[in-house]
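*Asks:* structure for the following, please:
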Amino acid sequence: MSSPSKRREMDLMKLMMSDYKVEMINDGMQEFYVHFHGPNESPYHGGIWRIKVELPDAYPYKSPSIGFVNKIYHPNIDELSGSVCLDVINQTWSPMFDLVNVFEVFLPQLLLYPNPSDPLNGEAAALMMRDRPAYEQRVKEFCEKYARLEDIEATPEENSSDEEMSEDEYNSSDEAVAGQGDPQ
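*Replies:* Sure thing, here's the model as predicted:
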């Protein structure tokens with residue numbers, strides 16, 4: 001590979017040609033969203049998440065930044081920011097890995113095998129260690145509430161910092177429109 005920009009372009013094209021829906025942010029190839037489905041045989045099965053990916057200038061020599069846009073209940077994912085605690089991505093990244101690996105190996109493995117001893121979400125970690133069936137039920141509730149196709153398609157696609165609403169503002173305006181009519 002002659003340069004990081006060529007590699008970035010090739011990896012992004014490979015991801016786009018796979019089964020993942022990719023939405024570009026702005027005109028560059030450094031920020032984009034990927035639609036990610038929860039792995040089979042896990043409590044996340046049936047959920048779909050919008051993952052924000054940011055590629056650093058030094059990609060592939062430096063790992064991409066990965067974050068869940070819609071909420072997910074997991075010991076190693078920050079519930080508020082969506083940040084992922086994933087050693088392979090954050091610490092042991094190698095230029096041998098590519099973007100498809102992130103979505104076909106790293107994220108599915110994270111969801112299938114959470115590590116409650118290194119949590120970003122302490123509540124999820126404690127519940128998982130104390131009562132695994134209750135933890136899995138909570139995961140399924142989050143999937144039903146926050147990880148539906150409508151949830152990721154409802155997120156504004158044009159990211160103008162002047163016009164962008166927060167997720168809470170967007171959800172509350174949705175509820176107002178979808179709520180009951182005037183009770184007169």
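
*Asks:* packing partners of the strand or helix carrying residue 23?
*Replies:* Assessed by DSSP states H and E, residue 23 sits inside strand 22-24. Other helices and strands packing on strand 22-24, by 3 or more Cβ pairs under 8 Å, 6 or more residues apart in numbering; DSSP states H and E, are helix 4-17, strand 31-37. From N, CA and C alone the C-beta is placed, and that goes for glycine too.

*Asks:* buried ones in the first one?
*Replies:* Think helix 4-17. 4, 7-8, 11-12, 15 (16 or more other Cβ atoms under 10 Å).

*Asks:* need the least confident one among the helices and strands packed on strand 22-24, by mean pLDDT.
*Replies:* Mean pLDDT across the helices and strands packed on strand 22-24 is lowest at helix 4-17; the value there is a mean of 91.

*Asks:* which other helices and strands does it contact?
*Replies:* With 3+ Cβ pairs under 8 Å, 6+ apart as the test, helix 4-17 has strand 22-24, helix 99-101 packed against it.

*Asks:* let's go with 6 Å and repeat that
*Replies:* Secondary-structure packing of helix 4-17 (3 or more Cβ pairs under 6 Å, 6 or more residues apart in numbering; DSSP states H and E): helix 99-101.

*Asks:* quick one: buried residues of the helix it packs on?
*Replies:* For helix 99-101, by 16+ other Cβ under 10 Å, it's 99, 101.

*Asks:* run the chain-centre distance for that helix.
*Replies:* Relative to the chain's own centre, helix 99-101 is displaced by 14 Å; criterion: Cα atoms, centre = their mean, to the nearest Å.

*Asks:* can you name the next helix or strand after that helix?
*Replies:* Downstream of helix 99-101, the next assigned helix or strand under DSSP H and E is helix 107-112.

*Asks:* just the strands in the protein please.
*Replies:* For the chain, strands defined by DSSP state E occupy the ranges 22-24, 31-37, 48-54, 65-68.
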